[in-house]
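S.K.: Okay, predicted coordinates and the sequence, questions at the end:
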Amino acid sequence: MKELLSRVNALIRRAYGQTEDKQLSFGGIVINTATRTVTRNGEKVMLAQREFDLLVYLCRNRNTAIPKEKLLSEVWGAFSEVEPSTLTVHIRWLREKLEDDPASPKYIKTVWRLGYMLEVDE
């Protein structure tokens, strides 16, 4: 049953993703949702599936503080039993791959006692 729910959630994400922007960007980072690729300053960045989905969700909701529970629900699926620590680890991995200084991130910010935000000057 858990596998079925995961597959349904993935299909829903893909279906809704088809009508949205095919390319997102901030700073020197370009996200191509059609090919599921990311570049940073022209260099390809390898992201795992969940890292990519998390980055796209943050980018589509840029400059908005998103609660951890909402991120878990939207990226892993409404019925997933993923622990909040899994989200923390994925955020750390994204920072390591995309930020100049992961210990002091410029883009992927922690919003204390709430969640995370992709902070971008527009």
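M.R.: Cool, the structure landed.
S.K.: Quick one: low-confidence residue ranges for this protein.
M.R.: 1-7, 9-20 (pLDDT under 70).
S.K.: And the residue nearest the centre of it?
M.R.: L54 (1.7 Å; CA atoms, centre = their mean).
S.K.: Check whether the residue lying closest to that residue once chain neighbours are set aside sits in a helix, strand or coil.
M.R.: In space, and not counting its chain neighbours, L54 is closest to V75: 5.0 Å by CB to CB, 6 or more residues apart in numbering. For every residue, glycine as well, the C-beta is placed using N, CA and C. Under DSSP: H, G, I helix; E, B strand; the rest coil, the three-state class of V75 is helix.
S.K.: what's near enough to touch V75?
M.R.: The neighbourhood of V75, defined by CB atoms under 8 Å, 6 or more residues apart in numbering, consists of 50, 53-54, 57, 87.
S.K.: 6 Å instead?
M.R.: 53-54, 57 (CB atoms under 6 Å, 6 or more residues apart in numbering).
S.K.: ok, which stretches of the chain are helices?
M.R.: 2-17, 49-60, 68-71, 84-98 (DSSP state H).
S.K.: What separation do you get for the residue nearest to L55 when sequence neighbours are not counted and L114?
M.R.: Among residues not flanking L55 along the chain, L94 sits closest, at 5.9 Å (CB to CB, 6+ apart). According to CB to CB, to the nearest Å, L94 and L114 sit 18 Å apart.
S.K.: Neighbour count: those two, which is higher?
M.R.: L94 (26 against 13; other CB atoms under 10 Å).
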